[in-house]
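Q: Sequence below, structure please.
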Amino acid sequence: MMMAMPVHNTVWDMHHHWVNEDGYIDRLLATMDRLSIEKTGLIAMGNVFADLFIRHGRQTGSANNTDLSRLVKQHADRFWGWGFIHLGHHEVEDVDRLAEMGMSGLKFHVPVKPYSDESYFPVYERAQALQLPCLFHTGIVFPAKPEPELRIRSENYRPIHLEPIAHVFPGLKMIIAHMGVCWNDEAATLCRMCSNIWADMSGRVDGWRSSKSIEWFKQLLYWPEAHRKILFGSDVHADEIDKTLEHHITIFQQMGWNESQIKDILHLNAVRLIGGEG
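A: Take a look at the predicted model:
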């Protein structure tokens, strides 16, 4: 792809993991300053994939919701928290606890059953009542080292499982992470048809986006208001955010989207979701 020229003044990163290595938050803040990323939605999943994205040294600790709550209160101008709920290992009261801890939304990953299982509906009902947006991992999961205790079953994470949730909880704002990865058509169709579903296109530059042509993106995001349903998320180590941000901008520019449309994706859609303005 051609090099993209920056078209943004302010960016909100919807999807970023707290990497368990020394000095990571300082490294992330420095990267955010350099790239004009005003705010980042941060995730801390404790011992679930605790070695994710580590590049500098060995794993140090395993940041969890308590650590995240403390951090977002210290840096409320730079971070908001996605409180992690491990569906199948949860209580409905966890939603209230995370709201009280200052989380702005909920993050779901590796549920024991499909997202659409009705045993999880009380969680979604409470999230809707508290106006907490929900970020759902979608796509194939295959960790670098075996984690058999998680009972990973990637078909549980298909975007289509959000459809019945959207019907039952029309006020619940839901975000499909990674545009479904291998289920892109499902993800895009849900964004187009369901008023309360959005998607991010997060991931490494050499990940799922790398195999797609600009014509493919044009065909996937063909409807006039598609730019109002897409969000920027990094979901990489802080050292790689610049490359994935540039990759996103290049795709949208080559699709023919104008600066106003790209601004929606990089900033304003997130403000509407997290800031409660739409």
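
Q: Please make it C-alpha for all contacts and neighbour counts, starting now.
A: OK.

Q: what ranges do the helices span in the stretch 101-250 of the chain?
A: Read by DSSP state H, counting those that start in this stretch, the stretch 101-250 of the chain holds these helices, from start to end of the chain: 121-129, 162-168, 184-193, 214-220, 241-255.

Q: What are the buried residues along the third one?
A: This means helix 184-193. Counting neighbours by 16 or more other CA atoms under 10 Å, one finds that the buried residues in helix 184-193 are Asn184, Asp185, Glu186, Ala187, Ala188, Leu190, Cys191, Arg192.

Q: what's the pLDDT at the last one?
A: pLDDT, Arg192: 98.

Q: In this structure it contacts Ala226, no?
A: Yes - Arg192 is within contact range of Ala226, at 7.0 Å (criterion: CA atoms under 8 Å).

Q: Distance to Ser211 for the buried residues of helix 184-193 - can I get that in CSV?
A: Listed next are the buried residues of helix 184-193 as CSV, based on distance: CA to CA, whole Å:
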residue, distance to Ser211
Asn184, 13
Asp185, 15
Glu186, 18
Ala187, 17
Ala188, 17
Leu190, 22
Cys191, 22
Arg192, 23
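
Q: Return the closest of the residues you listed with respect to Ile230.
A: Cys191 (8.4 Å; CA to CA).

Q: what residue ranges in the protein score low on pLDDT?
A: Counting by pLDDT under 70, the chain contains low-confidence residues at 1-8, 276-278.

Q: show me where it has strands.
A: With strands called from DSSP state E, the chain shows them at 11-17, 37-43, 79-85, 105-108, 134-136, 174-176, 197-200, 230-231.

Q: Turn those into a markdown table, including mean neighbour count.
A: Output for the strands of the chain, formatted as a markdown table (neighbours: other CA atoms under 10 Å):
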| stretch | mean neighbour count |
| --- | --- |
| strand 11-17 | 25 |
| strand 37-43 | 22 |
| strand 79-85 | 26 |
| strand 105-108 | 22 |
| strand 134-136 | 24 |
| strand 174-176 | 28 |
| strand 197-200 | 25 |
| strand 230-231 | 28 |
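
Q: Include distance to Leu71 when you put these into a markdown table, please.
A: Putting the strands of the chain into a markdown table (distance: least, CA to CA, whole Å) gives the following:
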| stretch | distance to Leu71 |
| --- | --- |
| strand 11-17 | 13 |
| strand 37-43 | 10 |
| strand 79-85 | 8 |
| strand 105-108 | 15 |
| strand 134-136 | 20 |
| strand 174-176 | 23 |
| strand 197-200 | 24 |
| strand 230-231 | 23 |
